[in-house]
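1. here is my input; please provide its structure:
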Amino acid sequence: MTKRNIYNETKKRSKLRLYLGKQYYTFKRYIKWYFGNEKYSKDILNYQLPYLIFTHNTPLIRKLQGVDPVLQYNKVTNLKIATSRVNGICIKPGEVFSYWKLIGKPTKRKGYKDGLILNPNGTFGAGTGGGLCQLSNLIYWMTLHTPLTVIERYRHSRDIFPDSNRTQPFGSGATCVYNYLDLQIYNGTDKEFQLIVYLTEDSLVGEWRSVEPSQYNYEVYEKEHFISSTYWGGYIRNNKIYRRVYENGILIDDEYITENHAIMMYQPLLPSK
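-> Numbers count the residues shown, from 1 in each chain. Now for the predicted structure:
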């Protein structure tokens, strides 16, 4: 699983270097998609596989101080378009789910609007297709509760929400930037899995389904959580994500998943509201 150096996030780079770097990694991804050895999932079923493996939902709108609410509502439009590209996708044994290969580049021509994005310097801004990280976050979190294997995931470099009302461990999401920060999931089982994603009036809902019920249950949790200070006066939040695997209610494994390091966008130890 891909790691990022959190201290690189604070380095100042020229616009030219940022542009050239983005073009290089974008081209590199295209080469891998179309000339690599991976077999990518592409079949969308017009029916649902019979057994629900895991489901989760997240609120569509979460108010952020100082952020234009229009960007949040535009995010809903963006999510509707993106979910239509992946809803019903079937991942067969040996196939790889690629988030961006299925969704494609978010453009205004496709109907995407300016949604909320987090700039490299930690400020909020507007960008075409903004808000799609909510979908990648959901898919990643659900996948951790299945036998599927996450083979590429990028952690968020900044933690923007205090723990008040947090329902998942810090660092249990997956950031996405077209197309070089991708979320990829490999089906190493002998069964087909299907992703279902859709929007209700106030939530983004996801499901993993399969042709047979799962014999395993998963409990995702964090270890070694701590907050460290930095040389520039900020704070970094750190932890490691693990999961316990149960078979018929019996603990059979305790797996390391990943580690996280994120610059905090709020003061440590803020009281819950």
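2. what are the ranges of the strands in the chain?
-> Under the criterion DSSP state E, the chain contains strands at 51-59, 90-91, 96-98, 114-118, 124-128, 149-152, 158-159, 184-186, 193-199, 203-210, 216-229, 235-247, 250-264.
3. can you list the strands that the helix or strand bottoming out on mean pLDDT in the chain pairs with?
-> None of the helices or strands of the chain scores lower by mean pLDDT, DSSP states H and E than strand 158-159, at a mean of 84. Here strand 158-159 is paired, per DSSP bridges, with strand 250-264 (parallel).
4. hang on, Cys90 packs against Asn187?
-> No. Judged on CB atoms under 8 Å, Cys90 makes no contact with Asn187 at a distance of 9.5 Å. In this view, the C-beta of every residue, glycine as well, is placed from N, C-alpha and C.
5. please say which of these two ends up with more neighbours.
-> Neighbours per residue (other CB atoms under 10 Å) separate Cys90 from Asn187, with Asn187 holding more: 23 against 20.
6. how about the more buried one, what does it touch?
-> 41, 91-97, 148-149, 193 (CB atoms under 8 Å, 6 or more residues apart in numbering).
7. which of those count as buried?
-> If you count burial by 16 or more other CB atoms under 10 Å, the buried members of the contacts of Asn187 come out as 41, 91, 95-97, 148, 193.
8. what is the nearest of the contacts of Asn187 to Glu224?
-> The shortest approach to Glu224 among the contacts of Asn187 belongs to Thr149, at 23.0 Å (CB to CB).
9. what's the pLDDT at that closest one?
-> Thr149 is assigned a predicted lDDT (pLDDT) of 98.
10. mind listing the shared neighbours of Cys90 and Asn187?
-> Taking CB under 8 Å, 6+ apart as the contact rule, Cys90 and Asn187 both touch 41, 193.
11. would you map the helices across the stretch 51-200 of the chain?
-> Along the stretch 51-200 of the chain, the stretches classed as helices by DSSP state H, counting those that start in this stretch are 69-86, 99-103, 133-143.
12. how far does the longest helix anywhere in the chain sit from the chain's center?
-> The single longest helix within the chain, with elements called by DSSP state H, is helix 15-35. Distance of helix 15-35 from its chain centroid, counting by CA atoms, centre = their mean, to the nearest Å, is 20 Å.
13. before we move on, what about stretch 140-147?
-> 11 Å.
14. need the distance between the two termini of that stretch.
-> Chord length of stretch 140-147, first to last residue, is 12 Å (CA to CA, to the nearest Å).
15. same thing with stretch 85-102?
-> 6 Å.
16. do the same with stretch 227-238
-> OK, stretch 227-238 end separation, CA to CA: 6 Å.
17. now distance to Asn78 too, for the buried ones among the contacts of Asn187, in a markdown table please.
-> Formatted as a markdown table, the buried ones among the contacts of Asn187 follow (distance: CB to CB, whole Å):
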| residue | distance to Asn78 |
| --- | --- |
| Ser41 | 22 |
| Ile91 | 23 |
| Glu95 | 26 |
| Val96 | 24 |
| Phe97 | 20 |
| Leu148 | 25 |
| Phe193 | 25 |
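18. just those residues now: which is nearest His225?
-> Set against His225, the nearest of the buried ones among the contacts of Asn187 by CB to CB is Leu148 (25.8 Å).
19. can you tell me, leaving aside adjacent residues, what's nearest to that closest one?
-> Leaving aside its chain neighbours, Leu148 sits nearest to Ile185 (5.2 Å; criterion: CB to CB, 6 or more residues apart in numbering).
20. specify the beta-bridge partners of the one you found.
-> Counting by DSSP bridges, Ile185 is bridged to Phe97, Val150.
21. show the contacting residues for it.
-> Ile185 sits next to 91, 96-97, 139, 143, 148-151 when contact means CB under 8 Å, 6+ apart.
22. ok, now Phe54?
-> Applying CB under 8 Å, 6+ apart, the residues contacting Phe54 are 142, 145-146, 207-208.
23. top of these by neighbour count?
-> Most surrounded of these: other CB under 10 Å gives Trp208, at 25 neighbours.
24. what residues are up against that one?
-> Listed by CB under 8 Å, 6+ apart, the contact set of Trp208 reads 52-55, 142-143, 145-146, 148, 193-196.
25. perfect, I'm done here.
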